[in-house]
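J.: with the sequence up front, the predicted model follows.
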Amino acid sequence: MKKVDLHSHSTVSDGSFSPEEVIHKAAEIGLAAIALTDHDNIDGVNVAMEAGKAVGIMVVPGVEISAQFEGGTLHILGYFFNPRDEKLREKLSLFQKARAERNPRIAKKLQGLGIDITYEEVQKIAGSPQVGRPHFAQILIRKGIVKDLNEAFERFLGKGKAAYVDKYRCPPEEAFEMIQAAGGVAVLAHPFTLNLSDSALVTMIRKWASLGLRGMEVFYPEHSEDIIDRYTRIANTFSLIKTGGSDFHGNNKEGSILGDCGPRGCPTMEVVEQLKQAAGVSSKHPGKGFEI
């Protein structure tokens, strides 16, 4: 079966390609379906779905929500929600406002480190209202302060680094509720970023499954064969849908390749069908606010 990529980003959050460009690239490499999962933002979903119709590829409505978690990073993917759901949009707009307030503070921290940088030049390089840390990284590269994106995050922009500024993250239960209330399915993204042992991860997933977690990202570029085996066993224990994606950011992430979901490749359309069933989506489902 043809492969699918269920984790990608556009200029609506911190990717380097527009939603339409991401969809066209997915069609060019022969993917059967793709999910656009911008950070805390679904403004590109409808545009992407229209582009998908034009080039003959299924576009899954998606989002990646940042949630609170001590000791690691928790991202929750949502799929097959109603992209026109007003309550979901209202809540996500609060996250976007928090991001907008965070960015000038990052610029000030970099200035405090003696780096000649202005927030205006970061906005200019972003080329859209959506500014993210990769755009700061691009400026640092251009100024010769770092050699690449990885060094920019390792020295300045990563969590706990010299110019890092935390952002608002909602409690996990709120993220699950947001996705479910809009008719969608919640999936745990790249579990290794939680920095948990397998036993601790099992404990957390048991709790989150009771709150509405329905899937787990098993296939991912940074997951080794061993990690895939371990996560497969955990997902099977809780009857979670085993998803996967490339976490494509275009030029804003080192080694970011659309359709590269790790050593065992991307999942197939079977996983999309499982997500659709979990969300109660038929081929045409006006109640969801979209057609597949």
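T.: Happy to help now that I have it.

J.: contacts, neighbours, all on C-alpha from now
T.: Will do.

J.: check this protein and tell me which residue is nearest its centre.
T.: E64 (4.0 Å; CA atoms, centre = their mean).

J.: enumerate every residue touching it.
T.: When contacts are counted by CA atoms under 8 Å, 6 or more residues apart in numbering, E64 touches 37-41, 75-78.

J.: phi first, then psi, for it.
T.: The phi/psi pair for E64 (degrees, to the nearest 10) reads phi -120, psi 110.

J.: how close does it sit to E154?
T.: The gap separating E64 from E154 is 23 Å, by CA to CA, to the nearest Å.

J.: also S246?
T.: 21 Å.

J.: between these two, which has more neighbouring residues?
T.: More crowded of S246 and E154, by other CA atoms under 10 Å: S246, with 24 against 14.

J.: any idea how far the spatially closest residue to N150 that is not a sequence neighbour lies from E225?
T.: Leaving aside its sequence neighbours, N150 sits nearest to E254 (CA to CA, 6 or more residues apart in numbering; 7.0 Å). Distance, E254 to E225, by CA to CA: 21 Å.

J.: next, count neighbours for D198.
T.: D198: 15 neighbours (other CA under 10 Å).

J.: helix/strand/coil for the closest residue to it other than its chain neighbours?
T.: Distance criterion CA to CA, 6+ apart; nearest residue to D198, sequence neighbours excluded, is R230 at 7.9 Å. Here R230 is recorded as helix under DSSP: H, G, I helix; E, B strand; the rest coil.

J.: quick one, helices of the chain?
T.: 19-28, 45-55, 86-112, 119-126, 133-142, 149-152, 172-181, 198-211, 225-237, 269-279 (DSSP state H).

J.: can you redo those helices as CSV with distance to G158?
T.: Shown next, in CSV, are the helices of the chain (distance: least, CA to CA, whole Å):
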stretch, distance to G158
helix 19-28, 25
helix 45-55, 28
helix 86-112, 11
helix 119-126, 17
helix 133-142, 9
helix 149-152, 8
helix 172-181, 22
helix 198-211, 23
helix 225-237, 23
helix 269-279, 32
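
J.: worst mean pLDDT among those?
T.: Across those, helix 119-126 has the smallest mean pLDDT, namely a mean of 88.

J.: what number of residues lie near the closest residue to P134 other than its chain neighbours?
T.: Spatial nearest neighbour of P134, chain neighbours left out: N252 (5.5 Å); criterion: CA to CA, 6+ apart. Around N252 sit 22 other residues, with neighbours defined as other CA under 10 Å.

J.: ok, N252 to M178 distance?
T.: Here N252 is placed at a distance of 28 Å from M178 (CA to CA).

J.: now swap in F80 and tell me
T.: Look at F80 and M178: by CA to CA, they are 13 Å apart.

J.: same check on A209?
T.: Note on A209: its distance to M178, by CA to CA, is 15 Å.

J.: more neighbours: which of the two?
T.: Neighbours per residue (other CA under 10 Å) separate A209 from M178, with M178 holding more: 21 against 17.

J.: which residues does the more buried one contact?
T.: M178 makes contacts with L88, as judged by CA under 8 Å, 6+ apart.

J.: shift numbering so it begins at 254
T.: Yep, numbering from 254; the last one is M431 now.

J.: which segments of this structure make up each domain?
T.: 257-345+423-544, 347-410 (automatic domain parsing).

J.: wait, doesn't S319 sit right on G325?
T.: No - the criterion here is CA atoms under 8 Å, and S319 misses it with G325 at 11.4 Å.

J.: more neighbours: those two, which one.
T.: S319 (21 against 13).

J.: how close does the closest residue to the more buried one other than its chain neighbours sit to R422?
T.: Nearest residue to S319 in three dimensions, chain neighbours excluded: H328, at 4.7 Å (CA to CA, 6+ apart). Between H328 and R422 the computed distance is 10 Å (CA to CA).

J.: quick check: neighbours shared by the two?
T.: Listed as contacting both H328 and R422 by CA under 8 Å, 6+ apart are 319-320.

J.: higher neighbour count, those two?
T.: Counted by other CA under 10 Å, H328 and R422 do not tie: H328 has more neighbours, with 24 against 18.

J.: can you tell me how far that one is from A435?
T.: Distance from H328 to A435, by CA to CA: 18 Å.

J.: circling back: my guess is the residue nearest to N403 contacts K400. True?
T.: No - using CA under 8 Å, E507 makes no contact with K400, being 11.7 Å away.
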